[in-house]
Structures are given as structure tokens and as C-alpha cells.
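Student: Give the three-dimensional model of this entry:
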Amino acid sequence: MLSNHHEFKLPALTIQAFQQEGAICVRQLFTPDEVALLTRGIESNLAVPSPRAKVASAADDPGWFFEDFCNWTENDDYRRFIFDSRVGSVAAQLMGCSSARLYHDHLLVKEPNTRQPTPWHQDQPYYNVEGRQNCSMWMPVDPVDRASTLEFVAGSHLGPWLMPRTFLDNQARWFPEGSLADLPDIEADRSAWTIRGWELQPGDAVFFHMLTLHAAGGVGGNRRRRAFSLRFLGEDMRHAPRQWRTSPEFPGLADVLPAGAPLEHPLFPVLWPRDAA
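Tutor: Numbers count the residues shown, from 1 in each chain. As a prediction, the model looks like this:
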């Protein structure tokens, strides 16, 4: 059964860890029925990708890294998962807000033998939003070992925005070259950083701030890594139209939502509290 109509009360220490480190793991937040519902939605999405879908692995990669965005309005299973689970309540608690608004959904699938890593990056510089009260959820519907899971640099969400680059060819297609500091070379000396990461089972989820530096490795030859991510907006988040194409982009939004406006628009529904949705 779905876990609707129940607020999932997070321990105070979990909320504190999110605020201090920018990433936490919540074990078994989702029921087996919710995982099954989401899995069905993912397979439907893979069968009929949207025009926003892209392959994020090179042609010579023996695996396949697939991404798609913003499908909740067309995918009934995604919509039920998003609106009927407790995820909005959890996001609101972590952001320290009385409400949580959906920003977008994001599917990330690494098929067996995908070598392509997800390089270290922050998410917020790719987006068209500004503000501090935000979070993202990343949850797998397959078991994920430590080598293939998301990793986070603890506390990096408290630092500056860093230059977003394309994953495959390292190009600055968002902010102009030199306008933001470049990411440090974390892999050159991992011991210099506090790196968090968790082996995950279906039902587990990680939550992280949009400025938390994170990365992930490839996957081995014996398992898929189908993961679903949701992005949430809190009360201080504002529209920040860019001169370039954001990832994802929201065509026409700047025509109806001025710069600096709250994200009060049907594309970004309130998930919590439910009576405001």
C-alpha cells in the first residue's frame, strides 16, 4: 500500500545532519508498493522517452547512461508516487519550511557495464532558481553498492557556487568561463575531504542540498542502476531566468513568471501540506 496521509517524522538529528553536511540517507522511507509503482513508471519512461531525454555516456561506453526530465504530468505512476507518498513532508522538514513545492523529476539509468561516471558537480548552477531552502531526493529501485552510489562532500553546500560544466566534454555552457570558481580536484586527494556515501536498497533514499558537491561511479556488469530523483523548493526559492539553456529548461516560463518571483506556477505544485496542493 502507499504511505499517503501519513507524515514521516524525521529525527531531529537527521534534520541537523542535513543542515550541517548537506546530505543524509533515510532508510526504508518508501514501501515495497511504492517502489513497485515507481519501477513501473521508470519502465514506461524508458519505453517512451520524452523530447527532453538524453544519453549521457559516450558511444564507446559498453553500457548506457540515460537521463530524462520533467515527466510527472504525463506519467501516471510518477504522479501517484510524487503526490501520494510522504516525500513532500520529508522535504519540508529538511528544508526547515512549512511547505514543499515540486521543482522537477529526473530519471537516471545506468545499464550494466556503464563506465561513465557522474563527475563531481553542484546541481543549482544548472538551474533557473535561486535561494537556500531547497533539497533533492535520489532513490534507486535496484540495489546500489558503495562503488556505484552517489557520494557527497560534506558541508560543500555552505560554500560558493562553482562552475557547472558539461559531463562528457567539460565545457562551460552555462555561466561564462571565469565567472565562477572551478571545482577542486576532489579525486586527486579524497582524504582531504569528508565524503559521505551509502550502499542502498530499494526503499532507501538520499536527500541533499542543490549546492552539495556530489558524484557517482559507473556500474558493474551484473546489475542495472535505475534511480529516480525529485527536486524540491522551499519558501525562499525564487525564479532566476538565465541567458542560456538551463538543465532542465522550462520553455516560456520567463514570459509569465518574472525574475525574483516565487515559483507559484502549475509546473511547480505544492506537495506539502496536502491541503494546499
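Student: contacting residues around Met237?
Tutor: By C-beta atoms under 8 Å, 6 or more residues apart in numbering, Met237 lies in contact with 101, 103, 129-131, 133-134, 262-263. (Glycine included, C-beta is placed from N, CA and C.)
Student: what do you get if the cut-off is 10 Å, keeping everything else the same?
Tutor: 95, 97, 101, 103, 124, 127, 129-134, 210, 262-263, 268 (C-beta atoms under 10 Å, 6 or more residues apart in numbering).
Student: One more: Gly96?
Tutor: 15, 18-19, 132-133, 234-236.
Student: From the residues you listed, list just the buried residues.
Tutor: Buried members of the contacts of Gly96, scored by 16 or more other C-beta atoms under 10 Å, are 15, 18, 133, 234.
Student: Adding secondary structure, write these out as TSV.
Tutor: Shown next, in TSV, are those (DSSP: H, G, I helix; E, B strand; the rest coil):
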residue	secondary structure
Ile15	helix
Phe18	helix
Gln133	coil
Gly234	coil
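Student: so which of these would you say is closest to Phe167?
Tutor: Phe18 (25.7 Å; C-beta to C-beta).
Student: Would you confirm that the closest one contacts Ser136?
Tutor: No. Using C-beta atoms under 10 Å, Phe18 makes no contact with Ser136, being 11.3 Å away.
Student: Among the contacts of Met237, which ones are in helices?
Tutor: Met95 (DSSP state H).
Student: from the contacts of Met237, which would you call buried?
Tutor: Of those, these count as buried by 16+ other C-beta under 10 Å: 95, 97, 101, 103, 124, 127, 129, 131, 133-134, 210, 263, 268.
Student: What is the most widely separated pair among those residues?
Tutor: Pairwise over the buried ones among the contacts of Met237, using C-beta to C-beta, the maximum falls at Cys97 and Tyr127, 17.8 Å.
Student: distance of the residue of the chain most remote from its centre from Leu168?
Tutor: Here the centre of the chain is the reference, and by C-alpha atoms, centre = their mean the most remote residue is Asp60, at 26.6 Å. As judged by C-beta to C-beta, to the nearest Å, Asp60 and Leu168 stand 12 Å apart.
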